[in-house]
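[1] Below are the sequence and a predicted model for it; my questions follow.
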Protein chains: 2
Amino acid sequence: MAASFTVSLREAWARSDSLLCVGLDPDPARIPPHLAHRPDAILRFCTAIVDATADLVCAFKPQIAYFAAQRAEDQLEALIAHIHARHPGVPVVLDAKRGDIGSTAEQYAREAFERYRADAVTVNPYMGFDSVEPWLAHAGRGVILLCRTSNPGGADLQSLDVGGERLYERVARLAAGTWNTGGELGLVVGATVPAELARVRALAPDLPLLVPGIGAQGGDVAATVAAGRDAAGVGMMINSSRAILYAGRGEDFAEAARQAAADTRDAINQYRRS
Amino acid sequence: MAASFTVSLREAWARSDSLLCVGLDPDPARIPPHLAHRPDAILRFCTAIVDATADLVCAFKPQIAYFAAQRAEDQLEALIAHIHARHPGVPVVLDAKRGDIGSTAEQYAREAFERYRADAVTVNPYMGFDSVEPWLAHAGRGVILLCRTSNPGGADLQSLDVGGERLYERVARLAAGTWNTGGELGLVVGATVPAELARVRALAPDLPLLVPGIGAQGGDVAATVAAGRDAAGVGMMINSSRAILYAGRGEDFAEAARQAAADTRDAINQYRRS
């Protein structure tokens, strides 16, 4: 693992010429039949996707819920170890959306950074700065705070006016300001409302943004790229999970995933440069 | 497991004459030396605490981070199975503070309710109602939303004014109102600021409150009970973890825990009736 998540992500953007992040959400019901019977089906499926797409992505994002629901924590450990060993320099963002305080937060940080060896983790900011601080004690690891999420209910709390600005704008300002003690914070901002993505980019010009919501969730690629790119034309991990993982269901699922990833990367790049 | 978390909690309050919830946060560095070398040290330690205190509590609350950091998910499964088998009717609240949407939230619900067989789970409301809904699909299971947490940084977002009320007040109102489709919602409200606990109780007269922050975190028992009890003199799971788990370090740690639990229950009951 690199000494700094943000440095390694910047290098990955340059090397891969890609803003695409492939989300690893292995749904047992959708794993190709020729693998599904294996005890290590999740690991086999995910490593095949990883090996087929690693040169096309700036990051991988395993979603821990899919592993935990299947008692497959050992396969998640093996998957991340595989990424580090075979594709060094490709950052791994563990999507866990943890959020707790004090000694409990320290245990979660140990889970993400020591057990799973993730380069970065998603964290929920609702409990405030002292719930973020224990993660920051792990120098060089990335902490990507939920800011404005791509689901309809995201607006229930995040869009409330908190005195001249929205709650998600406050989170963005804090993350770009006093909370960013180690320079390793990022933000999760959905692709479904480009105007809000643009607002977060304005408040946090230099922070990496993890952007779910294109593909299955319906966000528009052109508008997403225009709203979220930074001054250097990078700054985003645009996540796609199902559209890539399940592009094919046959024995050629990995090639189908590679094609889908290449198409998505190219679609992003077209608008990135326009 | 009972058909309804809130019904089973109400029965547990009556049967145990206790508002005490014992938090199971097994810190490997603090497990008594005579157990610490065992491969199942966490399970041995926690089951001993459970068996020594079960008649004194209204609920147990295992904190999943402590198990996940130690690769001890199997011991967490065994611990909860032990509570259900040996102490039927004592609800188990899995403290996981999960929060995600759609199919990911469904995986987390499967983790908590099917894999671990928890009666209730703590959930973070930042992502809004559609992040709460997948949990509610599990009829009869409790969903305890973070509302006003007991840490200093809890105020960073939760106390922001969102148009005539604080963000945590909005969460309490939603949880007591339109979000509570199955009648199984509860709220996490810290003991450190009794006025805020009283405010939540006023907004949500009938919701069970999970109240951390007495003991190690410094909340005052008398003020907590006065502020948080419901009309029937119950309505709270007042959590204590470290003060009970680590009351003793010797081979008599379980008896020391029992004494600490009895003292805490009695202190709570003294103010509950005054």
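    Nice, I can see it. Numbering: from 1, shown residues only, chains lettered A, B, ... in the order given.
[2] Report all helices and strands that the helix or strand harbouring A:T264 contacts.
    Counting by DSSP states H and E, the element that carries A:T264 is helix A:253-272. Here helix A:253-272 touches strand A:20-24, helix A:41-53, helix A:221-228, strand A:236-240, helix A:242-245, going by 3 or more C-beta pairs under 8 Å, 6 or more residues apart in numbering or on different chains; DSSP states H and E. To be clear about C-beta, it is placed using only N, CA and C from the backbone, and glycine gets the same treatment.
[3] tell me the most buried of those?
    Comparing the helices and strands packed on helix A:253-272 by mean neighbour count (mean count of other C-beta atoms under 10 Å in any protein chain shown), strand A:236-240 ranks first with a mean of 29.
[4] tell me the average confidence for it?
    What strand A:236-240 shows for mean pLDDT is 97.
[5] Strand partners (parallel or antiparallel) of it?
    Strand A:236-240 has the following strand partners under DSSP bridges: strand A:20-24 (parallel), strand A:209-211 (parallel).
[6] The first one relative to helix A:41-53, how many degrees between them?
    Angle of strand A:20-24 versus helix A:41-53, following axes from the mean of the first three to the mean of the last three C-alpha atoms, to 10 degrees, is 170 degrees.
[7] Strand A:20-24: what's the following helix or strand?
    Using DSSP H and E, the next helix or strand after strand A:20-24 towards the C-terminus is helix A:33-36.
[8] Can you mark which positions in the helix holding A:T264 are buried?
    A:253-254, A:256-262, A:264-265, A:267-269, A:272 (16 or more other C-beta atoms under 10 Å in any protein chain shown).
[9] I'd assumed A:N269 was in contact with A:G233.
    No - A:G233 is not in contact with A:N269 according to C-beta atoms under 8 Å; the separation is 9.5 Å.
[10] Tell me, how many residues neighbour A:E114?
    Neighbourhood size, A:E114 [other C-beta atoms under 10 Å in any protein chain shown]: 11.
[11] try A:L185
    Count around A:L185 with other C-beta under 10 Å applied: 26.
[12] Nearest residue to it in space, please, no chain neighbours.
    Leaving aside its sequence neighbours, A:L185 sits nearest to A:A175 (C-beta to C-beta, 6 or more residues apart in numbering or on different chains; 4.8 Å).
[13] Now do the contacts for the one you found.
    Residues near A:A175 by C-beta atoms under 8 Å, 6 or more residues apart in numbering or on different chains: A:125, A:145, A:147, A:185-187, A:204, A:207.
[14] again, only using 6 Å
    A:145, A:185, A:187 (C-beta atoms under 6 Å, 6 or more residues apart in numbering or on different chains).
[15] Among these, which one lies nearest to chain B?
    A:L145 (9.9 Å; C-beta to the nearest C-beta).
[16] helix/strand/coil for that closest one?
    Classification of A:L145 using DSSP: H, G, I helix; E, B strand; the rest coil returns strand.
[17] Switch the strands paired with strand A:236-240 over to JSON lines; also include mean pLDDT.
    Below are the strands paired with strand A:236-240 laid out as JSON lines (pLDDT from 0 to 100):
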{"stretch": "strand A:20-24", "mean pLDDT": "98"}
{"stretch": "strand A:209-211", "mean pLDDT": "98"}
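[18] how many other residues sit next to the spatially closest residue to A:T47 that is not a sequence neighbour?
    Ranked by C-beta to C-beta, 6+ apart and with sequence neighbours excluded, the top spatial neighbour of A:T47 is A:H82, at 5.2 Å. By other C-beta under 10 Å, the residues close to A:H82 number 15.
[19] Report the buried residues of the helix or strand where A:H82 lies.
    Using DSSP H and E, A:H82 maps to helix A:73-86. Buried residues in helix A:73-86, defined by neighbour count with 16+ other C-beta under 10 Å: A:73, A:75-77, A:79-80, A:83-84.
[20] Without its sequence neighbours, what residue ends up closest to whichever residue of the stretch 151-274 of chain A sits closest to chain B?
    Per C-beta to the nearest C-beta, A:G153 is where the stretch 151-274 of chain A lies closest to chain B, at 2.8 Å. Excluding its sequence neighbours, the residue lying closest to A:G153 (C-beta to C-beta, 6+ apart) is B:G128, at 2.8 Å.
[21] Please apply the same query to A:T224.
    A:A191 (4.3 Å).
[22] Tell me which residues touch that neighbour, please.
    Counted by C-beta under 6 Å, 6+ apart, A:A191 has contacts A:211, A:213-214, A:219, A:224.
[23] Against chain B, how distant is the closest residue to A:F5 other than its chain neighbours?
    Spatial nearest neighbour of A:F5, excluding adjacent residues (C-beta to C-beta, 6+ apart): A:G142 at 3.3 Å. Separation of A:G142 from chain B (C-beta to the nearest C-beta, to the nearest Å) stands at 19 Å.
[24] Provide a list of residues in contact with A:G142.
    Contacts for A:G142 (C-beta under 6 Å, 6+ apart) come out as A:5, A:120, A:184, A:186.
[25] just curious, which of the residues you listed is nearest to A:Q158?
    Of all the contacts of A:G142, A:Q158 sits closest to A:G186, with 16.5 Å by C-beta to C-beta.
[26] Next one, pLDDT for the closest one please.
    We have a pLDDT of 98 for A:G186.
[27] follow-up on the earlier one: export the contacts of A:G142 as JSON lines, with columns for secondary structure.
    Below are the contacts of A:G142 laid out as JSON lines (three-state DSSP):
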{"residue": "A:F5", "secondary structure": "helix"}
{"residue": "A:A120", "secondary structure": "strand"}
{"residue": "A:E184", "secondary structure": "coil"}
{"residue": "A:G186", "secondary structure": "strand"}
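[28] Neighbour count and distance to A:Y66 added to these, as a markdown table?
    Formatted as a markdown table, those follow (neighbours: other C-beta atoms under 10 Å in any protein chain shown; distance: C-beta to C-beta, whole Å):
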| residue | neighbour count | distance to A:Y66 |
| --- | --- | --- |
| A:F5 | 29 | 22 |
| A:A120 | 30 | 18 |
| A:E184 | 24 | 26 |
| A:G186 | 27 | 22 |
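[29] List, one by one, the residues from the stretch 1-150 of chain A near chain B.
    Along the stretch 1-150 of chain A, the residues adjacent to chain B under the rule C-beta under 6 Å from any C-beta of the partner chain are A:63, A:65-66, A:68-69, A:97, A:99-101, A:104, A:107-108, A:110-111, A:124, A:126-130, A:146, A:149.
[30] Please spell out the PyMOL selection for the buried subset of those residues.
    To isolate the buried ones among the residues of the stretch 1-150 of chain A next to chain B in PyMOL, judged by 16+ other C-beta under 10 Å, type:
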select buried, chain A and resi 63+65+66+68+69+97+99+100+101+104+107+108+110+111+124+126+127+128+129+130+146+149
